[in-house]
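> what follows is a predicted protein model with its sequence.
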Amino acid sequence: MAARLFARARAEGALTELAASQWVFDEGRARVMAGESEAGLALIRAAAREVDNPRVRAERFLELGDAAYMTNDFATAGESYAAARAAISANADVSDAERRLVLAKVATNELAFSSEPMGALLAEVAQIESRPATADTEADRAVLAVVALALSFAGTGGGEGHARRSLGVVAEGGADDPITYVVSGALNCYGFVDEAEEWLSAAVADARDSGSVQGFGTASYARGALRIAYGRLRGGLADLEAARTTSELGWRTYFPAMQYYLVKGYVRTGEIELAEQVAALDAGPQPAMFVGIGLAARLLHLVASGAYREAIEFAEANIVRHESVIPMFGEDWRPPLAEAYAGVGDLARAREVLREAVSMAPASLPAHGRAALYVASARLDDDPESAEQLYRLALDLVDARHYQWAEAHLGLAQVQLDRGQREAARRHARETFQYAVREGARPLAVQARSVAARVTSPDEILPPDERLALLSPSEHRIAEAAARGERNREIARSQFVTVKTVEFHLGNVYRKLGIRSRTELASILGVAAEIVAEG
């Protein structure tokens, strides 16, 4: 609506040349936010070139750079940030904040191509750290976040303090600002998971409040990737599916990473057919740093579907030779490849691949990434004592919200069961099952039940309130909305699906839970809501 109004104002004629230029700029921003990136970028570029005032020119080229970056056009972003830097340099009274913001944006764009884009930023960091944190500006925090993320990508670590200090408050319009995602990335890489999730939740809220389609897709993707990486499967899949269905822009912009985390989420919730559909999609040309992510998505699906030999051939031909390592959230393609080798009986090669993963793990590897390596190694260990030690090392690194935590408990359950320690096995299996119920990790739930069934009476294995493990993430989201009292039409609107889809999912929910009403559904979900009739 804003874009149309600005276009109409320009057509009817401006009072001044400056006003006309401003309206071109504002229409461009509106179109980018609405998802019309190509038209929006053209308008912002035209408005930036028309300005003589260095400060205004710099601001507009920064806006153009941000818009281009958010649509994956790194070449245009680089040119725009360089133009902003030139404009700032032409201004005699430029402030430290203005200069640092431009430097941070330039380095942010360079991160798409290099893990060490710090350059002049290190000198800026030294100046920033010489002052108290209470004096930090948004530009200061941007510089700190970029340096922290670059250090993590380079595998050297040492940016934890920078990442912590970069955390401030998401500014208005932050959902459309690359720095927002640099900050969240820095927080993620150094294990500040809760802070990163809160930061991205603020960005999602900012996008929703401003009506930015692009910002909502990007912020939802970023939060979804974070949640999947750390084992928060239900929320993560909800975010990624929202990013994908709300706008094709969000899906195109971060295609390989969204593809990878959607596949990982679907694999962990047992929705292999959905994982196959996503893994088969073509990402098209991508920057070098993203290529390995898309390849790993296909590898994950092949292993999850049991196509071990095909997975090995694919990895050896497309990943191993290029040494592609996923640089985000500590993910690595080697554990699934090791699983594929184990699946065909080549345990020696499987262990060799895992040893490579452990030896090549960067100093900045997040705790959940290291825990995943311990769990994978334990599964291939013939010595029960050694395997138990590895599982317990994994538990020392992560808490009950992590997927690796549940995997480690499942491994311990099997170790204890083999030793005849039935009560200990039952306790560990129950821990895994509780996580699986909470996050919809059906394959883990099935494995935990299998172990528990050998030491527990059938009535104790799956109490009524734990039947939720049978629901898919989509079914669980719609069930929660129905239990809160939302009518089918309201659920369809909020979930971006049709009423028939809602009815189909609710039918599956009732069948799986063995219930006939929303009152029973609310009771199982523990939702205190007024139950309304079917809508």
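Noted; the coordinates are in hand.
> how does this protein divide into domains?
Domain ranges of the chain: 1-94, 471-535, per automatic domain parsing.
> buried deepest among those, which one?
Most buried of the domains of the chain by mean neighbour count (mean count of other C-beta atoms under 10 Å) is domain 1-94; its value is a mean of 19. C-beta coordinates here come from the backbone N, C-alpha and C atoms, glycine included.
> thought L274 was touching Y266?
Yes - counting by C-beta atoms under 8 Å, L274 does reach Y266; the two are 4.5 Å apart.
> what about the helices in the stretch 301-450 of the chain?
Listed in chain order, the helices of the stretch 301-450 of the chain (DSSP state H, counting those that start in this stretch) span 308-318, 334-343, 347-360, 367-379, 384-397, 403-418, 422-439, 442-453.
> please name whichever of these is nearest to E124.
Among the helices of the stretch 301-450 of the chain, the nearest to E124 by C-beta to C-beta is helix 367-379 (29.7 Å).
> how about R516, nearest residue that isn't a chain neighbour?
Y510 (6.4 Å; C-beta to C-beta, 6 or more residues apart in numbering).
> elements contacting the helix or strand where that neighbour lies?
Following DSSP states H and E, one finds Y510 within helix 499-513. Packing partners of helix 499-513 (3 or more C-beta pairs under 8 Å, 6 or more residues apart in numbering; DSSP states H and E): helix 473-483, helix 488-495, helix 518-525.
> between these, which gets nearest to V169?
helix 488-495 (27.4 Å).
> which other residues reach that closest one?
Helix 488-495 is contacted by residues 477-478, 481-482, 486, 497-499, 501-503, 506, 534-535 when judged by C-beta atoms under 8 Å, 6 or more residues apart in numbering.
> so can I have TSV of the residues you listed showing distance to L144 and pLDDT?
Shown next, in TSV, are the contacts of helix 488-495 (distance: C-beta to C-beta, whole Å; pLDDT from 0 to 100):
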residue	distance to L144	pLDDT
R477	37	82
I478	42	88
A481	40	87
A482	45	89
E486	42	89
V497	41	73
T498	46	82
V499	48	87
T501	45	86
V502	45	89
E503	50	90
L506	48	91
E534	53	32
G535	50	33
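> these two touch, right, the residue nearest to R516 and R518?
No - applying C-beta under 8 Å, one finds Y510 not in contact with R518, separated by 9.3 Å.
> quick one on the thing from earlier: what's the closest of the helices of the stretch 301-450 of the chain to S184?
helix 367-379 (16.0 Å).
> CA atoms only: put that closest one into CSV for me.
This file holds the C-alpha atoms of helix 367-379, laid out as CSV (Å, rounded to 0.1, in the frame of the first residue of the first chain):
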residue,chain,number,x,y,z
ALA,A,367,29.1,-27.2,22.5
HIS,A,368,26.3,-29.0,20.7
GLY,A,369,28.7,-29.6,17.7
ARG,A,370,31.3,-31.2,19.9
ALA,A,371,28.6,-33.3,21.7
ALA,A,372,27.4,-34.6,18.3
LEU,A,373,30.9,-35.8,17.6
TYR,A,374,31.1,-37.6,21.0
VAL,A,375,27.7,-39.3,20.4
ALA,A,376,28.7,-40.4,16.9
SER,A,377,32.0,-41.7,18.1
ALA,A,378,30.4,-43.6,21.0
ARG,A,379,28.0,-45.4,18.6
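> how about D282, secondary structure?
coil (DSSP: H, G, I helix; E, B strand; the rest coil).
> look up how far V146 lies from E110.
For E110, the distance to V146 equals 9 Å [C-beta to C-beta, to the nearest Å].
> roughly how far is the helix holding Y510 from the heart of the chain?
28 Å (C-alpha atoms, centre = their mean, to the nearest Å).
> same deal with stretch 214-229?
5 Å.
> please name the nearest non-neighbouring residue to the residue sitting nearest the centre point of the chain.
What sits nearest the mean C-alpha location of the chain, by C-alpha atoms, centre = their mean, is A225, with 1.4 Å. Closest residue in space to A225, ignoring its immediate chain neighbours: Y261 at 4.5 Å, by C-beta to C-beta, 6+ apart.
> check N188 too.
Closest residue in space to N188, ignoring its immediate chain neighbours: A196 at 4.9 Å, by C-beta to C-beta, 6+ apart.
> so who does the one you found touch?
Shown in contact with A196 (C-beta under 8 Å, 6+ apart): 184, 187-188, 226.
> now for the residues you listed, which pair is the farthest apart?
Using C-beta to C-beta, the pair of the contacts of A196 lying farthest apart is L187 and L226, separated by 9.0 Å.
> mutual contacts of these two, please.
In terms of C-beta under 8 Å, 6+ apart, L187 and L226 are both contacted by the residues 193, 196.
> one step back: more crowded one of E110 and V146?
V146 (32 against 20; other C-beta atoms under 10 Å).
> how close does that one get to E124?
V146 sits 10 Å away from E124, going by C-beta to C-beta.
> which intervals of the stretch 151-300 of the chain have sub-threshold pLDDT?
Under the criterion pLDDT under 70, the flagged ranges of the stretch 151-300 of the chain are 155, 157, 247-253, 283, 285-289.
> ok, which stretches of it are helices?
Counting by DSSP H, counting those that start in this stretch, the helices of the stretch 151-300 of the chain are 160-166, 178-189, 193-210, 213-229, 233-246, 248-253, 255-268, 272-279, 288-304.
> these: which one's closest to A3?
Closest approach to A3 among the helices of the stretch 151-300 of the chain is made by helix 213-229 (11.7 Å; C-beta to C-beta).
> which strands or helices does that closest one pack on?
Helix 213-229 is packed against helix 17-33, helix 178-189, helix 193-210, helix 233-246, helix 248-253, helix 255-268, with contacts defined by 3+ C-beta pairs under 8 Å, 6+ apart.
> now those as TSV including distance to A87?
Shown next, in TSV, are those (distance: least, C-beta to C-beta, whole Å):
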stretch	distance to A87
helix 17-33	14
helix 178-189	19
helix 193-210	26
helix 233-246	33
helix 248-253	26
helix 255-268	32
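> which among those helices is found nearest to F61?
Nearest to F61, of all the helices and strands packed on helix 213-229, is helix 17-33, at 10.9 Å by C-beta to C-beta.
> where's the closest one relative to the chain centroid, distance-wise?
That offset, for helix 17-33, works out to 32 Å (C-alpha atoms, centre = their mean).
> and the helix or strand following that helix with helix 213-229, angle?
Counting by DSSP H and E, the next helix or strand C-terminal to helix 17-33 is helix 37-49. Helix 37-49 runs at 120 degrees relative to helix 213-229, counting by axes from the mean of the first three to the mean of the last three C-alpha atoms, to 10 degrees.
> helix 37-49 to helix 17-33, inter-axis angle?
Relative orientation of helix 37-49 versus helix 17-33 (the same axes, to 10 degrees): 150 degrees.
> now do helix 37-49: distance to the chain's middle.
Here helix 37-49 is found 29 Å from its chain centre; the criterion is C-alpha atoms, centre = their mean.
> and it, what does it pack onto?
With contacts defined as 3+ C-beta pairs under 8 Å, 6+ apart, helix 37-49 has these neighbours: helix 17-33, helix 54-70, helix 74-89.
> show residues contacting that helix.
For helix 37-49, contacts defined as C-beta under 8 Å, 6+ apart pick out 21-22, 24-25, 27-34, 57, 60-61, 63-64, 67-68, 71, 73, 76, 80, 83, 214, 249.
> now stretch 220-240, how far from the chain's geometric center?
Centroid separation for stretch 220-240 versus its chain: 5 Å, with C-alpha atoms, centre = their mean.
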